[in-house]
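> next one to model:
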Amino acid sequence: MKQKKHLAFWFTILSGITLLFIGLNFIFNPLGAEAGYGIKTTTSDFSFHYIKGFRDLFSGIIITLLLLKKEYKSLGYVLLIGTIIPAADFCIVLSNPNFTTGHLYAHAIAIIICIVCGIFYLKNCKRLSAKNHSNS
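Alright, predicted model coming up:
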């Protein structure tokens, strides 16, 4: 259990921090972030970039905050429900006529992390919370 807890913690915290950086990248470097995402917009309107940037920034803050506050049940729900975001991103990239397979990997990995860690935190939230209270 201890090893699973450490793996879930590190995958979750790295995901949250990564989302913070991705969000900030889309806000402050829209064209560079777009290339990394796996699509090419045809206008100089960065509305999509800012929407994605603030969405990822929010998601990263929520995931990191819930993890650090040890709100494991809420974190589990956020991760499971949040799977819709990388799944939608995966489909958006896949539907782009010029997509490359390499751009799908990050979204697929995010789907797996959300599902696995979400289930872990929901299944173990009582046990994890009890250990935290006994260590206080």
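> and the gap between T101 and S95?
14 Å (C-beta to C-beta, to the nearest Å). For glycine as for every other residue, the C-beta is placed from the backbone atoms N, C-alpha and C.
> try A108
15 Å.
> got it, and F11?
Taken as C-beta to C-beta, the span from F11 to S95 is 28 Å.
> who's more crowded, those two?
More crowded of F11 and S95, by other C-beta atoms under 10 Å: F11, with 18 against 9.
> what are the buried residues along the longest helix anywhere in the chain?
When the chain is scanned for its longest helix (criterion: DSSP state H), the result is helix 102-135. Across helix 102-135, burial judged by 16 or more other C-beta atoms under 10 Å covers 103-104, 106-107, 110-111, 113-115, 117-118, 120-122, 124-125, 128.
> which residues touch the residue lying closest to N98 once chain neighbours are set aside?
Counting by C-beta to C-beta, 6 or more residues apart in numbering, K40 is the residue found nearest to N98 once chain neighbours are left out, at 6.4 Å. Listed by C-beta atoms under 8 Å, 6 or more residues apart in numbering, the contact set of K40 reads 34, 96, 98.
> top of the residues you listed by neighbour count?
Going by other C-beta under 10 Å, E34 tops these with 18 neighbours.
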